[in-house]
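Trainee: okay, sequence plus prediction incoming.
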Amino acid sequence: MYQYILFDLDGTLTDPREGITRSVQYALGKMGIDAPDRTALEHFIGPPLYDEFIRCYGFDDAGAKQAVAAYRERFSVRGWKENLLFSGVPELLRALKDAGKKAAIASSKPTVFVEKILQRFQIDSYFDVVSGATLDGVISTKSQVVRQALEMLQVRERSEAVLVGDRMHDAEGAQNNGIACIGVTFGFGGRDELACAGVDQIVDTMEELRELLLK
């Protein structure tokens, strides 16, 4: 069915909840904002940090950039390690590789962190392409990283590609690039968000995802 499988990272293959929320908490503290409830910061998982700091705290451009820089102070040292791999991910990736599928990461997290996380979990060898954001913000949105991944994979027929993700931003990135999107409910968006965003299919488990991708 699909020959090119693009994966979001956070909330799709890994649970980065602790590292991201602690690093956001640290950044907000640097900006003079007390945020003791880390659960209330989980909306930062998925969208570009710069956009989320502006949307939620009203920072101007300079303030948002300062907050992102503060976030990376902690995340680059500790936060990227505070992460868990979802059960079944290595088996899924191995099955896709054995089936001759091309796999890619399309994440709005900076590429340098994506690569470190993949290596930490020893799943980097399953990916033909890693497309992430740039540290300077030139490439930051899901639409941009999906486009970059498709170009790196040299995809000619968009009907052969699909993005797997857990948030509305994944659906938007896929739609803007003319490819299908499969939403997973075990991440951070949930079924209602994915349905409203217009994903093509929704799965609840890694097993369902595997069956769908190997068709």
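Mentor: Structure received. Numbering: from 1, shown residues only.

Trainee: biggest strand in this structure by residues?
Mentor: Taking DSSP state E as the criterion, the chain has its longest strand at strand 102-110.

Trainee: which secondary structure elements does that strand sit against?
Mentor: Counting by 3 or more Cβ pairs under 8 Å, 6 or more residues apart in numbering; DSSP states H and E, the packing neighbours recorded for strand 102-110 are strand 4-7, helix 89-98, helix 111-120, strand 129-133, helix 142-153. Every residue, glycine included, has its C-beta placed from N, CA and C.

Trainee: Gly183 versus the closest residue to Ala171 other than its chain neighbours, what's the distance?
Mentor: If you skip the residues right next to it in sequence, Ala171 has Ala197 as its closest partner in space, 3.7 Å away by Cβ to Cβ, 6 or more residues apart in numbering. For Ala197, the distance to Gly183 under the criterion Cβ to Cβ, to the nearest Å works out to 7 Å.

Trainee: so Arg147 makes contact with Asn177?
Mentor: Yes: under the contact definition of Cβ atoms under 8 Å, Arg147 touches Asn177, with a separation of 5.4 Å.

Trainee: flag every buried residue along stretch 15-33.
Mentor: Neighbour-count burial for stretch 15-33, with 16 or more other Cβ atoms under 10 Å as criterion, is recorded at 15-17, 19-28.

Trainee: nope, stretch 70-81 is what I was after
Mentor: Counting neighbours by 16+ other Cβ under 10 Å, stretch 70-81 gives Ala70, Tyr71, Arg72, Arg74, Phe75, Gly79, Trp80 as buried.
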